[in-house]
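Engineer: Here is a sequence with its predicted model. Questions after.
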Amino acid sequence: MVGGDDSTSFSLDDPLSLLVDVKTFERGCHYYNDDRVKYICMDSGHGYAIIRGSEYYEVEFELVDRMVSNLVCTCMCTDTCKHEVAVLLQLKETLDHIVEHYDIWYKGYFAAIDHSTLLCYAVGTKKSGRVVLEV
């Protein structure tokens, strides 16, 4: 992996501790708001995400007690990038949702996929058939 800074840690709950320039943070917020984080998962403190930029990038990180470390992205940036910012915003939203609604069942693992990505994957290779969505 390329990019990011694996020597520091920062609070997931304090975006200002990320120490990223304003332009990069704003672009990361735009990517987050544009639902560009297509997949994100956590397992025993190790996180992984896929985000769509000019191409698809992978972001990895460690999370212990809501402190993020070892944040890296496959893009060519040497500092914290917009992809990492978007992933961290998505991570915070997802974990906050889990704590609010599923805390008693959460055991340190989750995986989430963007609905359009799931639908594309589920039907993208099919030549015929149907999809039924139930709520």
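Structural biologist: Sure, I can see it.
Engineer: and the gap between V72 and A122?
Structural biologist: Distance, V72 to A122, by C-beta to C-beta, to the nearest Å: 30 Å. Every C-beta, even on glycine, is put in place using the N, C-alpha and C of the backbone.
Engineer: Could I get the buried residue list for stretch 80-94?
Structural biologist: 80-92, 94 (16 or more other C-beta atoms under 10 Å).
Engineer: what's the closest of those to G45?
Structural biologist: Of all the buried residues of stretch 80-94, G45 sits closest to L91, with 12.3 Å by C-beta to C-beta.
Engineer: ok, A112 to D96 distance?
Structural biologist: Taking C-beta to C-beta, one finds A112 at 13 Å from D96.
Engineer: For the residue nearest the centre of the chain, give me phi and psi.
Structural biologist: Nearest to the mean C-alpha position of the chain, counting by C-alpha atoms, centre = their mean, stands V87 at 3.1 Å. Main-chain torsions, V87, degrees, to the nearest 10: phi -60, psi -40.
Engineer: one step back: so A112 and D96 - more neighbours on which side?
Structural biologist: Neighbour totals were compared for A112 and D96, and A112 leads with 19 against 12 (other C-beta atoms under 10 Å).
Engineer: confidence score at the more buried one?
Structural biologist: Note on A112: pLDDT of 89.
Engineer: Sheet partners, orientation included, of the host helix or strand of it?
Structural biologist: For A112, the element it lies in under DSSP states H and E is strand 109-113. Taking DSSP bridges as the criterion, strand 109-113 forms sheet pairs with strand 37-43 (antiparallel).
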